[in-house]
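[1] need a 3D model of the sequence below.
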Amino acid sequence: MIIGVVSDSHKNLAYLRKAIELIIEKGAECIIHLGDDYGDAEILNEYPIRSLRVPGVFCPEYFDKDIKNRIIEEISGKKILITHTLSSHKNDQREDLVPEDVIRNNDVDLVLFGHTHLYEIKKDGDIIMFNPGHLQEIMTKGRSATFGIVEIIDKGITCTVFDLERNKIVETKFLQIARI
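    All right, here's what the predicted structure looks like:
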């Protein structure tokens with residue numbers, strides 16, 4: 001299973017569209033938008049691909065109690081926490097799903113997050129942490145626009161960050177992932 005991951009598009013629909021097209025080109029079966037801006041993800045409906053989204057902390061939808069701030073989704077046998085930020089926010093509407101608790105309790109295999117605009121792939125205990133970066137037009141914190149690809153196979157998970165010119169920025173393979 002190949003999953004495309006985008007975050008922090010901040011109304012830059014041109015970059016978001018380009019990332020979506022590259023993600024589809026890579027064979028993704030699902031695209032996940034990690035927020036900021038929640039409304040940007042509406043364009044995912046224009047493409048014939050499954051999509052999931054959560055709002056970012058700067059979106060009014062983040063404070064709408066009818067919209068989930070965080071989701072745990074099982075995809076290809078892996079439990080994935082989808083969140084904009086790893087930190088709790090004082091106005092979080094879903095206090096039952098606090099990222100720190102989910103990670104501490106080893107309740108998921110993979111955490112997809114954004115907010116910092118800095119791509120990152122690492123492990124926290126047995127949990128893979130993946131931030132695909134941002135899709136703003138301007139350089140943010142010294143980095144250009146990027147998106148992520150997650151590939152789930154029987155023996156593990158591969159996380160890759162690409163720029164909008166199709167260049168692979170970083171890739172990490174995690175083999176024999178098994179949740180405790």
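[2] I'd say residue 160 and residue 170 touch.
    Yes. With contacts counted by Cβ atoms under 8 Å, residue 160 reaches residue 170, the gap being 7.2 Å. All C-beta atoms are positioned from the backbone trio N, CA, C, and that covers glycine.
[3] how about the residue lying closest to residue 122 once chain neighbours are set aside, what does it touch?
    Excluding the flanking residues, the one nearest residue 122 by Cβ to Cβ, 6 or more residues apart in numbering is residue 129, at 5.1 Å. Neighbouring residues of residue 129 by Cβ atoms under 8 Å, 6 or more residues apart in numbering: 86, 110, 111, 113, 120, 121, 122, 123.
[4] C-terminal to the helix or strand bottoming out on mean pLDDT in the chain, what's the next element?
    Across the helices and strands of the chain, mean confidence by mean pLDDT, DSSP states H and E is lowest for helix 99-104: a mean of 71. Elements were assigned by DSSP states H and E; along the chain past helix 99-104, the next helix or strand is strand 110-112.
[5] quick one: list the elements packing against that next one.
    strand 78-83, helix 99-104, strand 127-131, strand 146-153 (3 or more Cβ pairs under 8 Å, 6 or more residues apart in numbering; DSSP states H and E).
[6] show the subsequent helix or strand relative to that strand.
    Toward the C-terminus, strand 110-112 is succeeded by strand 120-124 as the next helix or strand (DSSP H and E).
[7] what's the angle between that next one and strand 146-153?
    50 degrees (axes from the mean of the first three to the mean of the last three Cα atoms, to 10 degrees).
[8] list the strands paired with strand 120-124, with their directions.
    The strands beside strand 120-124 in its sheet (DSSP bridges) come out as strand 127-131 (antiparallel).
[9] average pLDDT for the partner strand?
    For strand 127-131, mean pLDDT rounds to 96.
[10] so it versus strand 78-83, what angle?
    40 degrees.
[11] dump the lengthiest helix in the chain to CSV, restricted to CA.
    Using DSSP state H, we find that the single longest helix of the chain is helix 13-25. Once non-C-alpha atoms are left out, helix 13-25 reads as follows in CSV (Å, rounded to 0.1, in the frame of the first residue of the first chain):
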residue,chain,number,x,y,z
LEU,A,13,-3.3,25.1,-4.0
ALA,A,14,-0.8,25.1,-7.0
TYR,A,15,1.8,23.3,-4.9
LEU,A,16,-0.8,21.1,-3.4
ARG,A,17,-2.1,20.1,-6.8
LYS,A,18,1.4,19.4,-8.0
ALA,A,19,2.1,17.2,-4.9
ILE,A,20,-1.2,15.3,-5.5
GLU,A,21,-0.3,14.6,-9.1
LEU,A,22,3.2,13.4,-8.2
ILE,A,23,1.7,11.2,-5.4
ILE,A,24,-0.8,9.6,-7.8
GLU,A,25,2.0,9.2,-10.4
